[in-house]
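A.B. asks: take a look and give me a structure for this.
(3 chains)
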Amino acid sequence: MPLIRINLSAGKSAEYREGLANSIQRALVETFNVPEDDQFVLFAEHEPGLMIYNRRYLGIERGDDFVVIQLTVSNTRTLAQKEALYRRIVELAAERPGVRQQDVFINLVEVLPENWSFGNGVAQYVKR
Amino acid sequence: MPLIRINLSAGKSAEYREGLANSIQRALVETFNVPEDDQFVLFAEHEPGLMIYNRRYLGIERGDDFVVIQLTVSNTRTLAQKEALYRRIVELAAERPGVRQQDVFINLVEVLPENWSFGNGVAQYVKR
Amino acid sequence: MPLIRINLSAGKSAEYREGLANSIQRALVETFNVPEDDQFVLFAEHEPGLMIYNRRYLGIERGDDFVVIQLTVSNTRTLAQKEALYRRIVELAAERPGVRQQDVFINLVEVLPENWSFGNGVAQYVKR
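C.D. replies: Coordinates of the predicted model:
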């Protein structure tokens, strides 16, 4: 159910991107109770100049491998779960593909469970 | 007012994309009371590897023509309207441009009517 | 904190894009109390046909330089602040880089302050 938009610099390998997507997925499975096979990821690659970001905001030193991860999720998680998700994403992404924790920007957009259709024109998360 | 982001594989024709945009628009007009000329659509094309999605989640068999439709809309619709929208999008997109219903992923992001400006720096949907 | 997605036609100069990003940032600083160095902007350039928009909706005459600005922000602003933001963005973007006010489409997506992590896996906006 999460719809994941990942924005990063152009030129990373497919292995790098898959590693990142899978680290995020594992973090979601562990902290947000997302089913393992509920994975939907959209990458956008940016040429230089098409991603503008401050390299010092809040005292965090961002580098060239800065990545923005915006996750649209159902609004069913606690603050504790969100904090666990952020922590786990940076831990796992540091291992694979090897992203510095300063370079990981995360944002959650929350929606109602009824706001999803995974195919066939049905709102699969509506309880009957 | 809906802002529509469509993510799909690279290589589709302009006719295919227009057909898809227009099918979505017709579904919005029929089910969400969207004015016909209120159409704003952003396409993003993905090269192989830049869109990662599970081909079996919830038992739905997704193929190479998988498309993600994320609609930002005002938060004024009922559950029944949302379910009608999902159904109608897949019906119309199956006709034109010819998308399998298993390949249509839909997500709604709801915002306040005051969160839109259609030009001129004015919040056109705020009632005075 | 705002995460800013700007969609525009391909072919604009880096100077044009920076001018636009900076005008939006200045408007956010002035009307939304956003810190000056809290700037995170993602551009997506569209080839012809990959951006479909009505050129007359609500009587506003949109041209080829139409731009969509979608800002994800914390849900802490008043209606008056939103209206001031829209006005100020079009004023400043008209000056630099020189965008017609009819061509500026703005949408706000609001999220909880706890929905952000700016790096290091921490939810920096959660009050302790």
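
A.B. asks: next one: the most centrally placed residue in chain A from residue A:43, what distance?
C.D. replies: Within chain A, the residue whose C-alpha comes closest to the C-alpha centroid is residue A:69; the distance, by CA atoms, centre = their mean, is 4.0 Å. Residue A:69 sits 11 Å away from residue A:43 when distances are taken as CB to CB, to the nearest Å. Backbone N, C-alpha and C define where each C-beta goes, glycine included.

A.B. asks: where does chain A have low pLDDT?
C.D. replies: Counting by pLDDT under 70, chain A contains no low-confidence residues.

A.B. asks: show me the helices in it, by range?
C.D. replies: Listed from the start of the chain, chain A has helices (DSSP state H) covering A:14-32, A:79-95.

A.B. asks: make a markdown table out of those helices and add distance to residue B:62.
C.D. replies: As requested, these are arranged in a markdown table below (distance: least, CB to CB, whole Å):
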| stretch | distance to residue B:62 |
| --- | --- |
| helix A:14-32 | 16 |
| helix A:79-95 | 25 |
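
A.B. asks: will you turn those into TSV that also has distance to residue C:6 and mean neighbour count?
C.D. replies: Formatted as TSV, the entries for these read as follows, by distance: least, CB to CB, whole Å; neighbours: other CB atoms under 10 Å in any protein chain shown:
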stretch	distance to residue C:6	mean neighbour count
helix A:14-32	23	19
helix A:79-95	25	19
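
A.B. asks: so which of these comes closest to chain C?
C.D. replies: Across these, the minimum distance to chain C, taken as CB to the nearest CB, is reached by helix A:79-95, at 3.5 Å.

A.B. asks: next one: the closest one to chain centre, how far?
C.D. replies: Centroid displacement of helix A:79-95 relative to its chain, using CA atoms, centre = their mean, to the nearest Å, is 10 Å.

A.B. asks: show me how far stretch A:71-79 is from its chain's centre.
C.D. replies: 12 Å.

A.B. asks: cool, stretch A:69-81 as well?
C.D. replies: On CA atoms, centre = their mean, the centre of stretch A:69-81 falls 10 Å from that of its chain.

A.B. asks: return the residues in contact with the residue nearest to the centre of chain A.
C.D. replies: Under the criterion of CB atoms under 8 Å, 6 or more residues apart in numbering or on different chains, the neighbours of residue A:69 are A:4, A:5, A:6, A:24, A:89, A:104, A:105, A:106, A:107.

A.B. asks: and what of residue A:65?
C.D. replies: The neighbourhood of residue A:65, defined by CB under 8 Å, 6+ apart, consists of A:8, A:9, A:99, A:100, A:103.

A.B. asks: count of neighbours near the fourth one?
C.D. replies: To tie it back to what came earlier, the one meant is residue A:100. 18 (other CB atoms under 10 Å in any protein chain shown).

A.B. asks: surely it touches residue A:94?
C.D. replies: Yes. Under the criterion of CB atoms under 8 Å, residue A:100 makes contact with residue A:94 at 7.2 Å.

A.B. asks: what do those two both touch?
C.D. replies: A shared contact of residue A:100 and residue A:94, defined by CB under 8 Å, 6+ apart, is any residue touching both; here there are none.

A.B. asks: what sits against the nearest residue to residue A:81 once chain neighbours are set aside?
C.D. replies: With CB to CB, 6 or more residues apart in numbering or on different chains as the criterion, residue A:81 has its nearest non-adjacent residue at 5.6 Å, and that residue is residue A:31. Listed by CB under 8 Å, 6+ apart, the contact partners of residue A:31 are A:81, A:84, A:85, A:88.

A.B. asks: tally of neighbours for the closest residue to residue A:25 other than its chain neighbours?
C.D. replies: Sequence neighbours aside, residue A:39 is the residue nearest to residue A:25 in space, at 5.2 Å (criterion: CB to CB, 6+ apart). Using other CB under 10 Å as the criterion, residue A:39 is surrounded by 20 other residues.

A.B. asks: for residue A:39, give me its contacts.
C.D. replies: By CB under 8 Å, 6+ apart, the residues touching residue A:39 are A:21, A:25, B:52, B:53, B:54, B:57.
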